[in-house]
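Asker: when you get a sec, could you give me coordinates for this:
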Amino acid sequence: MKKKWKYILLVFVLLLVAIGGYALYVFKFKEYDVADPEVDEIIEETYTIELPDGTELVVNKDGKIVEEKKPAEGSDSQVSKDKEATAGEEDESKSPNTSTSTGKQNDASTSTGSSKTPNSTTGQNSKPTVGEIKAKYTGTFQSLQGQAESKINGLIGQAASEYSSKKANGESISVGYFYSKYVGAANSLEASTDATFNTLISVIEQDLEANGYDKSYAQSFRDEYEATKEARRNALLSKAKEMM
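Answerer: This next block holds a predicted model:
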């Protein structure tokens, strides 16, 4: 009796191994013809990094900047910068006229003015804080996240369309095919988004260092990005399960 159960258990284990091995083959090793120009177009589409000063960096899937667009004259960001420059020039033109008296009054005024000038100059040229530098890139990250989500939604839409088309035409639905095609595409898209994110982080790190801060202050952006990416991945898997 014991031998019989041993044989049954052995057969059961072998079946599990065989099923697991076949599943591994179907999902990981079996090759499928997954070429699709529409999917490739989604993956190959460039990202646009919108910097705080209005400059736009066009980045390819490898994270390389292929085009840099400066803000046009008359744009909101350019007008704002011009106003700041004009205000600064007006302040400088007014400062020499603050003391017009003669004699001792002029000397006193000059002395007083000279003692105050460094402070006022320091106030005008004071460097931004770490928080201010990071805050001005909030919109940039939101824009990048929006572009990433748009691409993912496009990929999901393409998968749903293909699935519905095959089902309507009575074609067999291969789970392995869809897994290989769209998980592979999602991984490629994630790699492209990562590369663009790293390009943006490099810009922020340079901004921090230019103002005398350590680039490690940008780490919080990395942590937030990884958390967002994990949530996005889970949402994508949930949608895939709903479709299947």
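
Asker: low-confidence ranges in this structure?
Answerer: Low-confidence segments of the chain, defined by pLDDT under 70: 1-32, 74-125, 239-244.

Asker: from Asn198, how far out is the residue nearest to Gly154 when sequence neighbours are not counted?
Answerer: Leaving aside its sequence neighbours, Gly154 sits nearest to Ile42 (Cβ to Cβ, 6 or more residues apart in numbering; 4.9 Å). C-beta: built from backbone N, CA, C; applies to glycine. As defined by Cβ to Cβ, to the nearest Å, Ile42 lies at a distance of 20 Å from Asn198.

Asker: higher neighbour count, those two?
Answerer: Legend: neighbour count by other Cβ atoms under 10 Å for Ile42 and Asn198, higher for Ile42 (20 against 13).

Asker: go ahead and list the helix or strand containing the more buried one.
Answerer: Per DSSP states H and E: Ile42 is located in helix 37-44.

Asker: for that helix, packing partners?
Answerer: Judged by 3 or more Cβ pairs under 8 Å, 6 or more residues apart in numbering; DSSP states H and E, the packing partners of helix 37-44 are helix 138-168, helix 184-210.

Asker: tell me the most buried of those?
Answerer: For these, the largest average neighbour count (mean count of other Cβ atoms under 10 Å) is found in helix 184-210, namely a mean of 18.

Asker: re the thing from before, a markdown table for the helices and strands packed on helix 37-44, including distance to Val66?
Answerer: As requested, these are exported to a markdown table (distance: least, Cβ to Cβ, whole Å):
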| stretch | distance to Val66 |
| --- | --- |
| helix 138-168 | 15 |
| helix 184-210 | 11 |
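
Asker: what's the domain layout of this structure?
Answerer: Using automatic domain parsing, the domains assigned to the chain come out as 1-30, 33-75+131-243, 78-125.

Asker: next, the buried residues of the helix holding Ile42.
Answerer: Within helix 37-44, the residues that qualify as buried are Val39, Ile42, Ile43, counting by 16 or more other Cβ atoms under 10 Å.

Asker: show me the contacts for the last one.
Answerer: Yep, that's Ile43 we're talking about. Lys61, Lys151, Ala185, Ser188, Leu189, Ser192 (Cβ atoms under 8 Å, 6 or more residues apart in numbering).

Asker: for Ser238, see how far away it is.
Answerer: 22 Å.

Asker: Asp53 in helix, strand or coil?
Answerer: With DSSP: H, G, I helix; E, B strand; the rest coil as the basis, Asp53 sits in coil.

Asker: for Ile221, phi and psi?
Answerer: You called it Ile, but residue 221 is Phe. Per-residue torsions, Phe221: phi -70, psi -40 (degrees, to the nearest 10).

Asker: quick one: it and Phe141 touch, right?
Answerer: Yes. Counting by Cβ atoms under 8 Å, Phe221 touches Phe141, with 7.0 Å between them.
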